[in-house]
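In: whatever this is, show me its structure:
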Amino acid sequence: MQRDSKFVQKYRNSDATQKMIALHHTHNPKPNQCTSRLVQKVNAPLPLVWSVLRRFDQPHVYKKLVKQCIMLVGSGGVGSVREVALVSGMPGRLSRERLDRLDDDMHVMIYTVVEGDQRLENYQSTTTVHEEVGEGGGSVVIESYVVDVPEGNSEEETRVFVNTVLGCNLRSLAYVTEKLASDD
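Out: A predicted model of the protein is given here:
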């Protein structure tokens, strides 16, 4: 099991974080589902991080495992459906995803995988962005999910797979937005 950094341990234990987790990141998995949440510190201002993250029509800007994104319905607002083509080497080639919530005031984005061949049945992701208070400022991104455990896999195997992909995405989001912040 991966150890949390001191930052993540401290952040997860704060009152503000516990309120955000209770509001947005507490899932009630059904039998044969698993859930988890990841926290990523980003040394960039919240408006910049949110401006990149909220672009449902452009996940490839920071999700390096996405080769291409085509909007099937809408243009990136709630109810939009995108089809993302995954890079080779991933278990699956495509995913169709619906944007369920996009709250620019609370910095909350929720989407659901509605179809695809990537083994993420009944997958729903919730992502929030928060300002880091003190210690240099910046932002904190929390992403949580609930997903079915595929037949033949354990909850732990499913969680490790999804957390690995999400961890790559969150680290890439931090890299991209920190670079944009430093370029300004």
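
In: low-confidence ranges, the protein, go.
Out: 1-14, 16-17, 134-135, 184 (pLDDT under 70).

In: which one's the longest helix in it?
Out: helix 155-183 (DSSP state H).

In: show me which positions of that helix end up buried.
Out: Residues of helix 155-183 classed as buried: 158-159, 161-163, 165-166, 169-170, 172-174, 176-178, 181 (neighbour count, 16 or more other C-beta atoms under 10 Å). Every residue, glycine included, has its C-beta placed from N, CA and C.

In: my guess is Val73 contacts Glu97. True?
Out: No: applying C-beta atoms under 8 Å as the test, Val73 and Glu97 come out as separate, 10.8 Å apart.

In: if we can go back for a sec, what is the longest helix of the chain packed up against?
Out: Counting contacts by 3 or more C-beta pairs under 8 Å, 6 or more residues apart in numbering; DSSP states H and E, the secondary-structure elements packed against helix 155-183 are strand 33-42, helix 46-53, strand 139-148.

In: for Lys63, which of these is the nearest?
Out: Within the helices and strands packed on helix 155-183, the stretch nearest Lys63 is helix 46-53; the backing value is 10.2 Å (C-beta to C-beta).
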